[in-house]
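[1] sequence unavailable; structure follows:
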């Protein structure tokens with residue numbers, strides 16, 4: 001996986017908030033929930049060392065503990081103490097990651113903790129150390145998802161292929177978005193690149209309506225920034241309005257939506273599938289954070305911009 005500080009691209013590849021997408025309450029049940037509550041209430045400074053002492057061989061739990069300490073430093077998670085937490089939990093995150101890397105027999109847990117540890121090193125200014133850890137990870141070319149085809153029975157092949165297409169689509173979509181936001185190409189080129197995301201989406205979803213996603217709003221905001229930097233204020237406002245409407249739809253999405261396409265088959269999108277450490281609605285995040293970007297300063301006094309703000313209430 002690739003991490004960049006808050007993306008799926010700020011969704012799939014990004015940030016400490018990426019690690020909060022799953023529920024704490026899974027294989028380790030009540031103990032993981034207890035850890036989450038401790039982190040949220042900031043009750044213990046030496047939580048990690050206590051966790052190791054009490055559960056020295058429960059690597060699933062230690063991984064959850066590492067995860068909880070890690071997302072406590074998420075700048076996009078509406079956590080007032082996030083900056084202090086970065087420094088406060090750095091040593092504990094490192095200790096937990098190294099312990100899991102060295103001793104955990106479960107390959108999936110070990111690789112997850114390894115990637116998280118590498119990202120933490122990079123974010124804390126230790127890029128060389130982070131890179132060495134990243135380079136120790138196995139190549140995607142030989143992962144089970146890319147190799148299993150030859151062992152499948154006939155009735156396993158269709159679900160396998162559709163799952164693989166979905167995973168590969170999400171990876172390609174995120175990489176395209178990363179290119180657009182990387183500052184490696186010009187703003188004009190970035191606009192062309194972002195439009196490829198929509199073109200790809202139409203191919204995968206058969207031009208049908210796609211699930212109301214967090215990314216639908218963020219994508220529009222990113223392209224609005226590009227147009228604003230190019231002084232195309234009309235296009236910037238148009239995309240901001242589309243993004244605000246998408247944020248409103250996301251916050252009001254039903255508990256469950258069903259879609260279908262030839263490539264993906266039947267898709268069920270559940271409201272509970274998307275969780276982050278930020279408890280604010282997407283409208284609040286867009287209004288109180290994203291729209292504060294300096295690119296939009298020249299638009300703030302326009303009637304169109306004020307109408308966009310109203311959509312978000």
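    It's in. Values in this document were obtained by computation on a predicted structure and should not be read as measured data.
[2] residues contacting the nearest residue to residue 106 once chain neighbours are set aside?
    Using Cβ to Cβ, 6 or more residues apart in numbering and skipping the chain neighbours, the partner closest in space to residue 106 is residue 59 (6.2 Å). Yep, even glycine has a C-beta here, placed from its N, CA and C like the rest. Going by Cβ atoms under 8 Å, 6 or more residues apart in numbering, residue 59 touches 100, 103, 104, 105, 106, 109, 110.
[3] and the second one, how far from residue 57?
    Counting by Cβ to Cβ, to the nearest Å, the gap from residue 103 to residue 57 is 8 Å.
[4] before we move on, what about residue 168?
    If you measure residue 168 against residue 57 using Cβ to Cβ, the figure is 36 Å.
[5] before we move on, what about residue 158?
    The gap separating residue 158 from residue 57 is 40 Å, by Cβ to Cβ.
[6] do the same with residue 83
    According to Cβ to Cβ, residue 83 and residue 57 sit 33 Å apart.
[7] before we move on, what about residue 288?
    Counting by Cβ to Cβ, the gap from residue 288 to residue 57 is 44 Å.
[8] ok, now residue 167?
    Using Cβ to Cβ, we find residue 167 at a distance of 32 Å from residue 57.
[9] that older thread, ok, residue 168 and residue 57, which is more surrounded?
    Neighbour count, other Cβ atoms under 10 Å: between residue 168 and residue 57, residue 168 has more, with 13 against 10.
[10] for the more buried one, phi and psi?
    phi -70, psi -40 (degrees, to the nearest 10).
[11] how is the protein partitioned into domains?
    Per automatic domain parsing, the domain ranges recorded for the chain read 15-137, 153-311.
[12] what's the closest of those domains to residue 147?
    Of all the domains of the chain, domain 153-311 sits nearest to residue 147, with 11.0 Å by Cβ to Cβ.
[13] so how far is the first residue of the closest one from its last?
    One end of domain 153-311 sits 51 Å from the other (Cα to Cα, to the nearest Å).
[14] average pLDDT across that domain?
    Domain 153-311 carries an average pLDDT of 92.
[15] is the spatially closest residue to residue 187 that is not a sequence neighbour in a helix, a strand, or coil?
    The shortest distance from residue 187 to any residue other than its chain neighbours is 4.8 Å, reached at residue 226 (Cβ to Cβ, 6+ apart). Following DSSP: H, G, I helix; E, B strand; the rest coil, the label given to residue 226 is helix.
[16] how many other residues sit next to residue 226?
    When neighbours are defined as other Cβ under 10 Å, residue 226 has 23 of them.
[17] next: residue 231.
    For residue 231, the neighbour count with other Cβ under 10 Å is 9.
[18] ramachandran angles for it?
    Phi and psi for residue 231, reported as degrees, to the nearest 10, are phi 60, psi 20.
[19] against residue 311, how distant is it?
    24 Å.
[20] residues touching residue 308, list them.
    Neighbour list for residue 308: 237, 240, 241, 244, 291 [criterion: Cβ under 8 Å, 6+ apart].
[21] between those, which is closest to residue 119?
    residue 291 (27.7 Å).
[22] on the three-state scheme, the closest one is what?
    Assigned with three-state DSSP, residue 291 falls in the helix class.
[23] tell me, how many neighbours does it end up with?
    21.
[24] got it, and residue 198?
    Considering only other Cβ under 10 Å, residue 198 is surrounded by 13 other residues.
[25] double-check that it belongs to a strand.
    No - with three-state DSSP as the criterion, residue 198 is located in helix rather than a strand.
[26] ok, it to residue 311 distance?
    Per Cβ to Cβ, residue 198 is found 21 Å from residue 311.
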